[in-house]
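Colleague: Whatever this is, show me its structure:
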Amino acid sequence: MKRGEIAFPIITRIMSALFFLSACLCLSACVSPGTVPESGGTGGQAGETPVKETEEWYYGQFDDTRRSAYDAFRRAAEDPFSGQMTEILSKEGSVSQIPVTQLDSVYQGFLYDHPELFWLDRSYQFRVCGTGEVKTADAVAVIPLYGSPEEIAQYNDRFTNAADELLEGLKTPEGSGTDPGSIYDSLAGHAHYTEEALYDPAYINEHSAYGAIVEKSAVCDGYAMALKYLMDRCGIECIVIPGTVNGADHVWNTAFWDGAWHEMDITWDSSSGGGRQYFDLTTEEMGRDHLRDPEEEGPAFPVSTGR
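Modeller: Next up, the predicted model:
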């Protein structure tokens with residue numbers, strides 16, 4: 001979906017609710033909680049390579065073509081104010097091309113892997129190349145939400161300081177690690193659900209980890225990205241899972257500890273006043289009302305089989 005054209009053939013892509021449904025990655029449209037149904041790295045400053053404190057899970061699911069585009073988005077984020085397109089390079093270092101239809105899922109996977117890059121717009125630019133029937137791109141650019149590296153640095157400081165405070169009281173005896181449940185409870189009690197953000201595009205931060213951690217206001221994607229960020233900070237691998245609840249786009253998490261995956265939906269627990277009704281569930285238990293996006297349209301997410 002085009003938002004506009006900039007010196008053709010450089011095109012700006014905006015990721016809307018319709019895209020999220022087709023690409024199996026929803027970051028802008030989330031289900032409103034309503035009544036809960038019954039159910040059984042620190043961020044880098046602008047200009048720095050994002051700190052990789054846990055494995056980039058989405059990157060690991062992509063083929064070489066998508067990884068090359070992901071790498072280009074990463075390099076573009078290192079200098080978001082350069083005004084230049086970042087070429088997509090193959091493993092051998094030559095300019096590579098990717099079908100334009102694949103870029104949305106790559107960029108969204110990049111954002112899901114890096115919630116500390118909350119200062120990036122959910123839209124991006126790409127340069128069309130070739131004359132064939134299938135449109136391809138050979139370069140990309142990211143769009144910062146703020147006007148300068150200094151402004152991004154200020155937001156990053158607020159973000160990391162707020163996260164530090166949130167995690168400060170969760171420290172456990174040396175060597176035992178931070179309890180995932182305490183991270184979950186802390187964030188669930190910290191942020192409140194802001195339903196207006198589902199309908200009003202002026203609510204940008206509610207869809208990011210910044211909104212949940214700093215402004216204490218979020219919808220499902222903000223909650224899920226914030227939980228991933230905090231889990232990452234504590235060395236717990238965490239993934240954002242897109243899907244639907246009652247037909248509406250939604251996102252939740254799965255995290256790995258004690259040798260197994262554990263699913264959770266902090267949005268539902270936070271919006272219902274706390275508790276752990278949706279913490280540490282199996283995939284089967286979560287699947288009673290949460291439907292993952294079809295695997296043929298996206299990556300195969302880990303299955304939680306038991307605690």
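Colleague: any idea of the pLDDT on residue 172?
Modeller: Residue 172 carries a pLDDT value of 61.
Colleague: next one: residue 35
Modeller: Reported pLDDT for residue 35: 36.
Colleague: distance of the residue lying closest to residue 90 once chain neighbours are set aside from residue 64?
Modeller: Among residues not flanking residue 90 along the chain, residue 96 sits closest, at 4.2 Å (CB to CB, 6 or more residues apart in numbering). Every C-beta, even on glycine, is put in place using the N, C-alpha and C of the backbone. Residue 96 is 9 Å from residue 64, where distance means CB to CB, to the nearest Å.
Colleague: residues shared between the contacts of the two?
Modeller: Taking CB atoms under 8 Å, 6 or more residues apart in numbering as the contact criterion, the common neighbours of residue 96 and residue 64 are residue 90.
Colleague: about what we covered before: wouldn't the residue nearest to residue 90 be in contact with residue 67 here?
Modeller: No. Look at residue 96 against residue 67 with CB atoms under 8 Å: they stay out of range, at 10.1 Å.
Colleague: out of the two, which sits in the busier spot?
Modeller: The neighbour count for residue 96 versus residue 67, taken as other CB atoms under 10 Å, is higher for residue 96 (21 against 18).
Colleague: For that one, which residues are in contact?
Modeller: Contacts of residue 96 by CB under 8 Å, 6+ apart are 65, 68, 88-90, 138.
Colleague: residues of stretch 144-163 that come out buried?
Modeller: By 16 or more other CB atoms under 10 Å, the buried positions in stretch 144-163 come out as 144-146, 149, 152, 155-156, 159-160, 162-163.
Colleague: TSV for those residues, including pLDDT and secondary structure?
Modeller: Putting those into TSV (pLDDT from 0 to 100; DSSP: H, G, I helix; E, B strand; the rest coil) gives the following:
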residue	pLDDT	secondary structure
144	97	strand
145	95	coil
146	95	coil
149	96	helix
152	97	helix
155	97	helix
156	97	helix
159	98	helix
160	97	helix
162	97	helix
163	96	helix
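Colleague: Pick the one among the residues you listed closest to residue 108.
Modeller: residue 145 (16.3 Å; CB to CB).
Colleague: Surely the closest one is in contact with residue 208?
Modeller: No. Residue 145 lies out of contact with residue 208 (CB under 8 Å); the separation is 9.0 Å.
Colleague: and residue 48, what pLDDT?
Modeller: On the pLDDT scale, residue 48 is placed at 36.
Colleague: for residue 54, that is, sorry about that
Modeller: At residue 54, pLDDT is 49.
Colleague: and what of residue 25?
Modeller: So residue 25 comes in at 31 (pLDDT).
Colleague: do residue 247 as well
Modeller: 88.
Colleague: Please name the residues that touch it.
Modeller: Counted by CB under 8 Å, 6+ apart, residue 247 has zero contacts.
Colleague: And it, how close does it get to residue 291?
Modeller: Distance from residue 247 to residue 291, by CB to CB: 9 Å.
Colleague: repeat for residue 99
Modeller: Taking CB to CB, one finds residue 99 at 27 Å from residue 291.
Colleague: cool, and residue 201?
Modeller: Where residue 291 is concerned, residue 201 sits at a distance of 26 Å (CB to CB).
Colleague: What is the burial count for residue 130?
Modeller: 12.
Colleague: Test my guess that it contacts residue 98.
Modeller: No. Look at residue 130 against residue 98 with CB under 8 Å: they stay out of range, at 10.9 Å.
Colleague: Need the overlap of contacts for these two.
Modeller: residue 136.
Colleague: and the nearest residue to residue 144 once chain neighbours are set aside, how far is that from residue 249?
Modeller: Sequence neighbours aside, residue 80 is the residue nearest to residue 144 in space, at 4.3 Å (criterion: CB to CB, 6+ apart). Counting by CB to CB, the gap from residue 80 to residue 249 is 27 Å.
Colleague: Which of those two has more residues huddled nearby?
Modeller: residue 249 (24 against 21).
Colleague: How far away from the center of its chain is the helix or strand where the more buried one lies?
Modeller: Assigned by DSSP states H and E, residue 249 belongs to strand 248-257. In terms of CA atoms, centre = their mean, to the nearest Å, the centre of strand 248-257 is found 11 Å from the chain centre.
Colleague: Now the element after that strand, going C-ward?
Modeller: Next in sequence after strand 248-257, counting helices and strands by DSSP H and E, comes strand 260-264.
Colleague: Kindly format the C-alpha coordinates of that following strand as CSV.
Modeller: Extracted as CSV, the C-alpha positions of strand 260-264 are listed here (Å, rounded to 0.1, in the frame of the first residue of the first chain):
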residue,chain,number,x,y,z
ALA,A,260,10.9,-25.3,27.2
TRP,A,261,8.7,-22.7,25.5
HIS,A,262,6.0,-21.0,27.5
GLU,A,263,3.2,-18.9,25.9
MET,A,264,1.7,-15.8,27.4
